[in-house]
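**Student:** task: produce atomic coordinates for the following.
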Amino acid sequence: MKVNLYGNNANMAYVWGGYLKKLGVDVTAFVDKKPYDVYHTPEWEYPDHGRMPDWARVTDISFKRFFIPSANEKKFIRELSDCDLIQTFGEAAVWALRTDKPYVYWSYGYDLDVMPFLKGSIKNFVLSRLARKSLAKAARLIYAMPHQKELVERLGLSNAEFYSPLPIDVDRYAPFDEARRGKLRSQYDADYIFIHLSRHNWVGDMPDNKGNDRLFTAYRDFIKNTKKKPVLLTVEKGKDVQASKSLIKDLGIEKYVLWLPVINKEKVIELLNIADINFDQFCTGSWGLVMLEAMSVGVPTFIFIHERCKNFYDELPPAINVNTAGDILGKMMEFAESKDRWADIRERSRDWVRRHYHWEVVMKKYIEIYKGIVAEKGKRQCM
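**Tutor:** Numbering: from 1, shown residues only. As a prediction, the model looks like this:
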């Protein structure tokens, strides 16, 4: 079975291709030459990866030429078609429409939450129609967030299946030894080291609101109520970075916040290993890579998990479920009063990720999905 992958949002196609390759699947992962964000490059995930492996190809195509393709787009469509099945991620699935191959559509969020419902311009109308068509034509649509069930039903998508797990390399996202952790922590003059790696998205009405402002408000009150010195490390990522900086200044906590430039995954793993607490999001109600990578390292994670998640999972994560600034502050104070009580959460967090999200467990599930789709197509062709 030959599987092609396209859609390198958060480096998905490249990472999944590598995992499938380890399990003996014949794969080709297509990576855009000019992605719109550094987070969609192999160098971000694997800073020392060097040359592109023989199972990955760099492609130079433009969506502007989707309807009237140039030589580059025509070549890409031919190469993308050279397989038994295509695994796509997000809106990249529109290119699978140009092939005659079955494809699996994995939704990362915005592509299902927003794109099918865009209005207000001819461009939005076209994008909306293409989004709906690519979702509907998929052999299987995989959605990973419980709230999306309502959207799937609203769009009448009978091909949809809820499957949450993202593949995590638990051997890479793992705790360092104490000596290494101590050396890294010594770079910061602080008793508590907190990290907040989620995007800064909180101003205005949006489906991907992270509630960053709630954390900063709680953090201000935590500083007032503790005699210890904390530092909060956060990354300049998201549309509301400047709004977050302004709020932090207004709250008078600038000296307790350290802003970092865009960092690669090796740096992320280092930060996770020195963190006392990882703060994720406090509005969307579900989880993704930020929580999973942190918990794989064993970092206690504060996040909002909506009650509806109980209907989708056999076992919820051992995360600290908080929603309001008051919730966040209360749990932070519990942490400060008895740091030892969190050792159990560290162990349970890593164990939960290992059992449910280990890359090998997840990818074997997808291989079974792929085999089923290819077999279904074979039966139809024989009829």
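**Student:** lowest average confidence, helix or strand, in this structure?
**Tutor:** Lowest mean confidence among the helices and strands of the chain (mean pLDDT, DSSP states H and E): helix 42-45, at a mean of 82.
**Student:** what comes into contact with the helix or strand following it?
**Tutor:** Using DSSP states H and E, the helix or strand that follows helix 42-45 towards the C-terminus is strand 56-59. Contact with strand 56-59 is made by 14, 17, 28-33, 42, 52, 72, 76, 79, as judged by CB atoms under 8 Å, 6 or more residues apart in numbering. C-beta: built from backbone N, CA, C; applies to glycine.
**Student:** how does it look with 6 Å?
**Tutor:** 29-31, 33, 76 (CB atoms under 6 Å, 6 or more residues apart in numbering).
**Student:** same question for stretch 165-182.
**Tutor:** Residues contacting stretch 165-182 (CB under 6 Å, 6+ apart): 19, 273, 292-293, 296-298, 353-354, 356-359, 362-363.
**Student:** again, but for stretch 269-284
**Tutor:** Defining contact as CB under 6 Å, 6+ apart, one finds that stretch 269-284 is touched by 176, 181, 184-185, 192-196, 198, 209-211, 214-215, 290-291, 294, 297, 299-304, 323.
**Student:** sorry, back to before: pull the most distant pair out of the contacts of stretch 165-182.
**Tutor:** Farthest pair in the contacts of stretch 165-182 (CB to CB) is Asn273 and Met363. Separation: 25.4 Å.
**Student:** from the contacts of strand 56-59, which is closest to Asp60?
**Tutor:** Nearest to Asp60 among the contacts of strand 56-59 is Lys33, at 4.2 Å by CB to CB.
**Student:** so Tyr143 touches Gly109, yeah?
**Tutor:** No - using CB atoms under 6 Å, Tyr143 is not in contact with Gly109, being 9.2 Å away.
**Student:** quick one: which of those two has more around it?
**Tutor:** The neighbour count for Tyr143 versus Gly109, taken as other CB atoms under 10 Å, is higher for Tyr143 (25 against 19).
**Student:** please name the nearest non-neighbouring residue to that one.
**Tutor:** Among residues not flanking Tyr143 along the chain, Ser107 sits closest, at 4.8 Å (CB to CB, 6 or more residues apart in numbering).
**Student:** rewinding a little: so what does the least confident helix or strand of the chain touch, helix or strand wise?
**Tutor:** Applying 3 or more CB pairs under 6 Å, 6 or more residues apart in numbering; DSSP states H and E, we find helix 42-45 packed against no helix or strand.
**Student:** would you turn the contacts of strand 56-59 into CSV with secondary structure and pLDDT?
**Tutor:** Below are the contacts of strand 56-59 laid out as CSV (DSSP: H, G, I helix; E, B strand; the rest coil; pLDDT from 0 to 100):
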residue, secondary structure, pLDDT
Ala29, strand, 96
Phe30, strand, 96
Val31, strand, 93
Lys33, coil, 87
Phe76, helix, 96
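**Student:** would JSON lines of those with distance to Lys224 be doable?
**Tutor:** Formatted as JSON lines, these follow (distance: CB to CB, whole Å):
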{"residue": "Ala29", "distance to Lys224": "49"}
{"residue": "Phe30", "distance to Lys224": "52"}
{"residue": "Val31", "distance to Lys224": "48"}
{"residue": "Lys33", "distance to Lys224": "50"}
{"residue": "Phe76", "distance to Lys224": "56"}
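**Student:** could you point out which element follows whatever helix or strand Val268 lives in?
**Tutor:** Using DSSP H and E, the element containing Val268 is helix 265-274. Counting by DSSP H and E, the next helix or strand C-terminal to helix 265-274 is strand 277-279.
**Student:** what's the following helix or strand past that following strand packed up against?
**Tutor:** Later in the chain than strand 277-279, the nearest helix or strand by DSSP H and E is helix 289-297. Other helices and strands packing on helix 289-297, by 3+ CB pairs under 6 Å, 6+ apart, are strand 301-303, helix 343-357.
**Student:** the longest one packs against which elements?
**Tutor:** Okay, so that is helix 343-357. helix 289-297.
**Student:** can you give the contact residues for the helix it packs on?
**Tutor:** Here helix 289-297 makes contact (CB under 6 Å, 6+ apart) with 168, 170, 173, 175, 197-198, 272, 278, 280, 301, 303, 349, 353, 357.
**Student:** return the member of the residues you listed nearest to Leu157.
**Tutor:** Closest to Leu157, out of all of the contacts of helix 289-297 and judged by CB to CB, is Tyr357, at 25.0 Å.
**Student:** which ones are touching the closest one?
**Tutor:** Contacts for Tyr357 (CB under 6 Å, 6+ apart) come out as 165, 168, 292.
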